[in-house]
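Engineer: with the input below, show me the fold.
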Amino acid sequence: MKRREFVIFASGAAIGWPIAARSQQPTMPVLGFLNVESAQGYAGPLAAFLKGLGETGFVEGHNVAIEYRWAEGHVERLPEMAADLVRKQVTVIAATSTPAAIAAKAATTTIPIVFESATDPIRLGLVPSLNHPGGNVTGATQTNAEVAPKRLELMHELIPAAKVFGLLVNSADPALADDQVKDFQAAARTLGVELHMLYAHNDDELEKAFVEFSQLRAGGLVITTDPFFTSRPLQLATLAARYGVPAVSKGREFAAAGGLISYGSETAETFRLAGIYTGRILKGERPADLPVQQATKVELFINFKTAKILGITIPLPLSGRADEVFE
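Structural biologist: Here you go, the predicted structure:
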């Protein structure tokens, strides 16, 4: 080989080798993140999910890509969003709300799904068993749906003379709403009180529901566990204050923002657990082998300042059970 030909050959090899090497680098896995609400409303839980993902060694943009799909409160958008993630052949779908989990399960039987849900995944048909989920679905569940009727008991304890209470329900999510309403109605029968249903699935309807409640002769308002409500603690607390409504919801944020009382499990913990499971599946574990995790810690928060404004006396036994009070 002539010297000039050798130089050209060597130069071509030097240029071509990095291109070939790059083409052989492993492709970054893509995670599909599906939620019924907005990124703004779920900033805290999303941070917890990413923290859990990081605990397994995965960092967004470094060794995993994330395709986000936020339905902005429109449940009807979820099936197409889930189908789109399936078409893109993402490695795992993190369905981080109950409606999202239902949509994801309907969209695929092969792509692994990790759900975060506020209700019983067996009753929803997501898994046949908590310990042995089988199939392509597993995840983490809050105890909020199970403890939700306890919120009615707490309101009855605060306002024992009341015979009627309002129950705020998201009419756009019947799968979750119907499941909870049955439990609340059973609790109401046990307490000997009546429930007046109030429905809201957007911001305008939410204010109308509080106006309607203020016109009732009801003791207090119980807010069901639903992504639409849990992503709006400040808005709910503001409306409760504006219309003088004694209300109970879930999450510390509601009571801290001026809501009367909050009771339920911590959403951030189940999102962290879902993040860990997602990372473990990215590493090769199967959903069928990962038992559904349950958050067991339930917290009670009371706003004494709001109680005073509403003319409600907090019983000592109840205040003694509080994890935190706001004064």
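
Engineer: buried sites along stretch 264-277?
Structural biologist: Buried positions in stretch 264-277, judged by neighbour count with 16 or more other CB atoms under 10 Å: 264-277. The way it works is simple: take the backbone N, C-alpha and C, and place the C-beta from them, glycine included.

Engineer: could I get those as TSV with secondary structure, distance to Phe254 and pLDDT?
Structural biologist: Converted to TSV, these look like this (DSSP: H, G, I helix; E, B strand; the rest coil; distance: CB to CB, whole Å; pLDDT from 0 to 100):
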residue	secondary structure	distance to Phe254	pLDDT
Gly264	strand	9	87
Ser265	strand	14	83
Glu266	coil	13	80
Thr267	helix	12	85
Ala268	helix	14	88
Glu269	helix	17	90
Thr270	helix	17	92
Phe271	helix	18	95
Arg272	helix	20	96
Leu273	helix	22	96
Ala274	helix	22	97
Gly275	helix	24	98
Ile276	helix	27	98
Tyr277	helix	27	98
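
Engineer: pLDDT below threshold where in the chain?
Structural biologist: Scanning the chain for pLDDT under 70 picks out the ranges 1-26, 143-146, 175.

Engineer: now stretch 43-52, how far from the centre of its chain.
Structural biologist: The chain centre lies 11 Å from the centre of stretch 43-52; the measure is CA atoms, centre = their mean, to the nearest Å.

Engineer: hmm, I typed the wrong one, I wanted stretch 29-48.
Structural biologist: 9 Å.

Engineer: again with stretch 293-300
Structural biologist: Centroid separation for stretch 293-300 versus its chain: 14 Å, with CA atoms, centre = their mean.

Engineer: could you export that stretch as CSV, CA atoms only?
Structural biologist: What follows is stretch 293-300, C-alpha atoms only, in CSV (Å, rounded to 0.1, in the frame of the first residue of the first chain):
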residue,chain,number,x,y,z
GLN,A,293,-46.9,-2.0,48.6
GLN,A,294,-49.2,-0.2,51.1
ALA,A,295,-48.5,3.0,53.0
THR,A,296,-49.6,2.3,56.5
LYS,A,297,-49.0,5.6,58.3
VAL,A,298,-52.1,7.8,58.7
GLU,A,299,-51.8,11.4,59.9
LEU,A,300,-54.2,13.8,61.5
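
Engineer: which parts of that stretch are buried?
Structural biologist: Gln293, Gln294, Ala295, Val298, Glu299, Leu300.

Engineer: out of the residues you listed, who's nearest Ala118?
Structural biologist: The closest of the buried residues of stretch 293-300 to Ala118 turns out to be Ala295 (CB to CB; 10.0 Å).

Engineer: burial of His62, as a residue count?
Structural biologist: Residues lying near His62 (other CB atoms under 10 Å) number 10.

Engineer: how near is it to Leu167?
Structural biologist: Distance, His62 to Leu167, by CB to CB, to the nearest Å: 45 Å.

Engineer: got the domain boundaries for the protein?
Structural biologist: Annotated domains of the chain cover 30-143+267-297, 144-266+299-326 [automatic domain parsing].

Engineer: partner strands of the helix or strand that contains Phe33, with direction?
Structural biologist: Assessed by DSSP states H and E, Phe33 sits inside strand 30-35. Partner strands for strand 30-35, per DSSP bridges, with pairing direction: strand 65-70 (parallel), strand 92-95 (parallel).
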